[in-house]
Structures are given as structure tokens and as C-alpha cells.
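Asker: Quick one, what's the 3D model for this:
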Amino acid sequence: QGGWMEGVTLRRPRISSNANALKHTLQIQNGGQFDMFNCVLNNEGSSASVALVSNANSKGKWKKVEIKGGGQQGGGILVEDNGTIEMIKCRIVSNHGDGVTCCDTTFVTLRDCEIEDNAGVGISLMDSSHACIERTRVVRNNGGVMVKRKNCVCDPCIDNVCDLTLAKGQEVVPGFRFVDGVEYFDQYENDADDNQMLES
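Answerer: Residues are numbered from 1 along each chain as shown. Just a heads-up that it's a prediction; the model follows:
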């Protein structure tokens, strides 16, 4: 059960928009795998997350994918129930909830990503989720940088940057460097394979 998509934009047409509808743009469930390269997923018009990755062995590897328009009840990406997602040079922006939410025992990798301008928290690690976050910037999220529950693991968490917006009660997250300007870093600098597709 696998699939692949490259260079495609998926958005919710106005005729199917409903603020009360819990409809994802993309669902990966029941052991399915779906990889993407250079795509845009926009779920504006629904209260659900843009993408859902759920159930054991459900997984995806995405490179240069933009996730936006997620609803208040889901946000950008929701990973739950042993789902796995690897994101490389992806943008998770302008969602009406959290940027990335991980529940149950899930595994998430964020490498060279941008998580910006979301209405909730940039990254939310719940239950016993496990995240690897490297060279990612998390800025201008209304709910703060990250919420990490006691049993969650964030390792490795290195070379990341965030702004000075912290939710009440949040602590400084190890592996993040605070910056207070608009100059962060060029995540594409000297990247020879920037336009290469993902390896299978």
C-alpha cells in the first residue's frame, strides 16, 4: 500500500468548504505509505488538519511540501496512533491550529523545515511521541514554539532557531537558538541536491 506524488497542488474547492466539516486534504492510514516531492496541500475551508497520518506502519517521506490552511481542530499535520512521518525542507504555515501535533506513540522527523505563522503552537508533542528536529525554524506561532509532555522524547534536537514568542509556562527548549530579528538562516544554501527527488 504505497503511493507517490510530485509537483501537485491539492486544495479544497469553495463548493466543499464548510467550517464545521472535519475533512482532511490527505489521510494516510491502516499501514499505507505516501511520499511527496514539491507539492502543496491547502485545507482552507475545513476545521480538520491538512494531513492525517494514523495507525501502525502508516508513514510518509515528504520533501519540499507546503502544508497550510489547516482548521482549528487539527492544524497543519496530525500524527497519531504509531504513525511515522519524515519531512525535509517542508513549510508548515498559516494554519488555524498547531503546526505539527503528535499523539500516542508516533515518530516525526523535521529537518530543514519552516513552521511559521500558525494560530496555535508550532510543535506539540503529546503522550509518548518521539521527534527528531534538526535545522528547523519555528517562528511567529501564536501559541509559542513547542509544547512537550513529560513522556515525550525530542532527540536529536539541534541547530534549530525560534523567535522570542513563548507560551505562558513554556521553558526554553534545548536545541533551539533564540533570534529576535528577521534574519534567520538560509536553509537552502550550498544544497546540491535541493531539486532532486526523494530516494525510495
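Asker: Show me the shaky parts of this structure.
Answerer: By pLDDT under 70, the weakly predicted segments of the chain are 1, 15-21, 164-173, 180-200.
Asker: Geometric centre of this structure: which residue is closest?
Answerer: The geometric centre of the chain, computed from its C-alpha atoms, lies nearest to residue 100 (C-alpha atoms, centre = their mean), at 4.1 Å.
Asker: I figured that one hits residue 83, correct?
Answerer: No: here residue 100 lies out of contact with residue 83, judged by C-beta atoms under 8 Å, at a distance of 11.9 Å. Backbone N, C-alpha and C define where each C-beta goes, glycine included.
Asker: Look up the residues forming beta bridges with residue 61.
Answerer: Beta-bridge partners for residue 61, by DSSP bridges, are residue 86.
Asker: which residues touch it?
Answerer: For residue 61, the contacting residues are 35, 85-86, 88, 198, by C-beta atoms under 8 Å, 6 or more residues apart in numbering.
Asker: Show residues contacting stretch 99-108.
Answerer: Applying C-beta under 8 Å, 6+ apart, the contact partners of stretch 99-108 are 49, 53, 74-87, 92-93, 110, 115-116, 118, 120-132, 138, 141, 152.
Asker: List buried residues within these.
Answerer: Burial by neighbour count, 16 or more other C-beta atoms under 10 Å: within the contacts of stretch 99-108 this picks out 49, 53, 74-80, 82-87, 92-93, 110, 115-116, 118, 120-126, 129-132, 138, 141, 152.
Asker: gap between the residue nearest to residue 95 when sequence neighbours are not counted and residue 177?
Answerer: Spatial nearest neighbour of residue 95, chain neighbours left out: residue 70 (3.7 Å); criterion: C-beta to C-beta, 6 or more residues apart in numbering. Look at residue 70 and residue 177: by C-beta to C-beta, to the nearest Å, they are 27 Å apart.
Asker: Those two - which one has more neighbours?
Answerer: Using other C-beta atoms under 10 Å, the more surrounded residue of residue 70 and residue 177 is residue 70, with 35 against 11.
Asker: My guess is that one contacts residue 52. True?
Answerer: No: in this structure, residue 70 is not within contact of residue 52 by C-beta under 8 Å, at 10.3 Å.
Asker: Touching both of those two, which residues are there?
Answerer: Joint contacts of residue 70 and residue 52 (C-beta under 8 Å, 6+ apart) are residue 77.
Asker: Quickly note the distance from residue 67 to residue 92.
Answerer: Per C-beta to C-beta, residue 67 is found 5 Å from residue 92.
Asker: Common neighbours of those two, please.
Answerer: Taking C-beta under 8 Å, 6+ apart as the contact rule, residue 67 and residue 92 both touch 76-77.
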